[in-house]
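Chemist: Next come a sequence and a model predicted from it.
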Amino acid sequence: MVPLGKLRAGETAVIVDLEKGDLTLKLMEMGLLPGEKIFVDMVAPLGDPISIKIGNYLLSLRKEEANAVLVRR
């Protein structure tokens, strides 16, 4: 498992877990749930924000949020 923030643009992954903490509920409300497939659409030059496609929508995440999402490539 790796943090979502470590993926590069064009990579796909499956969400495995979310780190427990202040962001957990917020991330779940945004649709970031274990088992969901994601596609990394774009990573800004300094790595913040990260744009991902999940389901039928695009979502922008701050690096802190992305690093709280654990994925399997």
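Modeler: It's in.
Chemist: My read is that Pro3 contacts Arg73, right?
Modeler: No: Pro3 sits out of contact with Arg73 when judged by Cβ atoms under 8 Å, with a separation of 11.7 Å. All C-beta atoms are positioned from the backbone trio N, CA, C, and that covers glycine.
Chemist: if you count what's nearby, which of the two comes out ahead?
Modeler: Ranked by neighbour count (other Cβ atoms under 10 Å), Pro3 and Arg73 place Pro3 first, with 14 against 10.
Chemist: Next, the more buried one: phi, psi?
Modeler: Dihedral pair for Pro3: phi -70, psi 140, per degrees, to the nearest 10.
Chemist: longest helix of this structure?
Modeler: Ordering each helix of the chain by length in residues (DSSP state H) puts helix 24-29 first.
Chemist: ok, then the element right after it?
Modeler: Later in the chain than helix 24-29, the nearest helix or strand by DSSP states H and E is strand 37-43.
Chemist: is it true that Leu23 touches Ala66?
Modeler: No: Leu23 lies out of contact with Ala66 (Cβ under 8 Å); the separation is 10.1 Å.
Chemist: Between the two, tell me which one has more neighbours.
Modeler: In this view Leu23 and Ala66 are compared by other Cβ under 10 Å, and Ala66 has more residues nearby, 24 against 19.
Chemist: Now for that one: which residues touch it?
Modeler: Applying Cβ atoms under 8 Å, 6 or more residues apart in numbering, we find Ala66 in contact with 3-5, 50, 52.
Chemist: Apart from its neighbours in sequence, what residue is nearest it?
Modeler: Gly5 (3.8 Å; Cβ to Cβ, 6 or more residues apart in numbering).
Chemist: ok, how many other residues are close to that neighbour?
Modeler: Gly5: 20 neighbours (other Cβ under 10 Å).
Chemist: Are we agreed that it is in a helix?
Modeler: Yes: under DSSP: H, G, I helix; E, B strand; the rest coil, Gly5 falls within a helix.
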